[in-house]
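Engineer: need a 3D model of the following:
(one chain, ligands or ions: 2)
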Amino acid sequence: MPLKIALPKGRLFDPVVDILQEAGVVNKDLDDDSRKLILSGQNGDFEFILSKAVDVPTYVEYGAADIGVSGKDVLLESGKKVCEVVDLGLGCCRLVVAVPKDLGITTLEELPAKARVATKYPQTAERFFNQHGIQVETIKLNGSIEMAPAVDLAEMIVDITSTGTTLRKNNLVEIAEVAKSSARLIINRVSYKTHYGEIKNIVQRIERSLNSKDDQIN
Ligand SMILES: Nc1ncnc2c1ncn2[C@@H]1O[C@H](COP(=O)(O)OP(=O)(O)OP(=O)(O)O)[C@@H](O)[C@H]1O
Ligand SMILES: O=P(O)(O)OC[C@H]1O[C@H](OP(=O)(O)OP(=O)(O)O)[C@H](O)[C@@H]1O
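Structural biologist: Residues are numbered from 1 along each chain as shown. Ligands and ions are numbered 1, 2, ... in the order given. Okay, here's the model as predicted:
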């Protein structure tokens with residue numbers, strides 16, 4: 001039986017495939033544009049499941065995939081029970097609270113009571129505001145979150161920022177950091193025991209490859 005690896009389509013796909021190729025886990029080109037969603041590895045040793053990024057932890061938790069790659073942001077939000085084994089150091093971004101610049105708010109304490117927060121990450125946002133003793137109403141969106149305050153859907157947002165361009169272009173300013181995120185290698189808890197040798201070998205090859213890259217940079 002080939003090991004099943006769930007890969008996120010979208011922005012993480014190419015850099016993740018590069019890492020797997022550098023580690024010698026994959027030695028053929030994988031294409032996420034071919035409409036084919038299950039791809040086989042070179043010697044029938046792996047099967048690659050091409051999933052929406054947000055669904056990878058689900059495939060891995062249920063054992064439909066033994067291994068997967070997911071952003072930490074998605075892992076935090078999903079609450080799925082998987083083993084998180086390697087920080088791949090890509091897809092680096094931060095989950096932040098941001099408000100319209102012209103409100104002049106700079107801290108969480110200045111937020112209006114029961115403010116509405118638009119976000120793709122309602123669980124993570126709720127948890128964060130609860131921890132800070134702030135009551136909010138979360139409104140779940142699936143994209144273009146930065147638009148919400150401008151159209152009076154919400155007073156603030158919790159979303160990913162990387163370069164800061166999207167916040168700036170939409171007249172928003174960050175007032176707090178919720179979490180840092182990067183892509184993680186995750187393993188199904190049962191597979192990690194039943195296929196320990198094979199999976200450990202893959203993990204070590206990826207870690208060695210990442211370390212040798214770090215050595216070349218330093
Ligand atoms: N601007 C960014 N810079 C760096 N990493 C990012 C950025 N935006 C998102 N990410 C990371 O990449 C992961 C996948 O994002 P991607 O946009 O491919 O999927 P998505 O958010 O599910 O979008 P879609 O709904 O279009 O599939 C996110 O979960 C996050 O960890
Ligand atoms: O700080 P920046 O470098 O501008 O990046 C941040 C943007 O990147 C992501 O959006 P994405 O392109 O995935 O679109 P989305 O709105 O559909 O999530 C994220 O949701 C932010 O909107």
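
Engineer: in the protein, where's the longest strand?
Structural biologist: Using DSSP state E, we find that the single longest strand of the chain is strand 172-181.

Engineer: in that strand, what counts as buried?
Structural biologist: By neighbour count on 16 or more other C-beta atoms under 10 Å, the buried set for strand 172-181 is 172, 173, 175, 176, 178, 179, 181. The C-beta positions use only the backbone N, C-alpha and C, and glycine is treated the same way.

Engineer: which one of those residues is nearest residue 55?
Structural biologist: The shortest approach to residue 55 among the buried residues of strand 172-181 belongs to residue 181, at 16.9 Å (C-beta to C-beta).

Engineer: wait, what's in contact with that closest one?
Structural biologist: Under the criterion of C-beta atoms under 8 Å, 6 or more residues apart in numbering, the neighbours of residue 181 are 71, 72, 73, 76, 91, 92, 93, 94, 95, 160.

Engineer: pull the most distant pair out of those.
Structural biologist: Once C-beta to C-beta is applied, those give 76 and 92 as the farthest pair, at 14.9 Å.

Engineer: against ligand 1, how distant is the residue nearest to residue 114 when sequence neighbours are not counted?
Structural biologist: Using C-beta to C-beta, 6 or more residues apart in numbering and skipping the chain neighbours, the partner closest in space to residue 114 is residue 135 (5.3 Å). Noted for residue 135: a distance of 27 Å to ligand 1, by C-beta to the nearest ligand atom, to the nearest Å.

Engineer: what do you get for residue 114?
Structural biologist: Taking C-beta to the nearest ligand atom as the measure, residue 114 falls 28 Å from ligand 1.

Engineer: now residue 210
Structural biologist: Applying C-beta to the nearest ligand atom to residue 210 and ligand 1 gives a distance of 17 Å.

Engineer: the residue lying closest to that residue once chain neighbours are set aside in helix, strand or coil?
Structural biologist: Leaving out its chain neighbours, the residue that sits closest to residue 210 by C-beta to C-beta, 6+ apart is residue 89, at 6.5 Å. Put simply, residue 89 is coil when judged by DSSP: H, G, I helix; E, B strand; the rest coil.

Engineer: so what's residue 218 scoring on pLDDT?
Structural biologist: What the model reports as pLDDT for residue 218 is 66.

Engineer: the residue nearest to residue 210 and residue 217: what is the separation?
Structural biologist: Residue 89 is 11 Å from residue 217, where distance means C-beta to C-beta, to the nearest Å.
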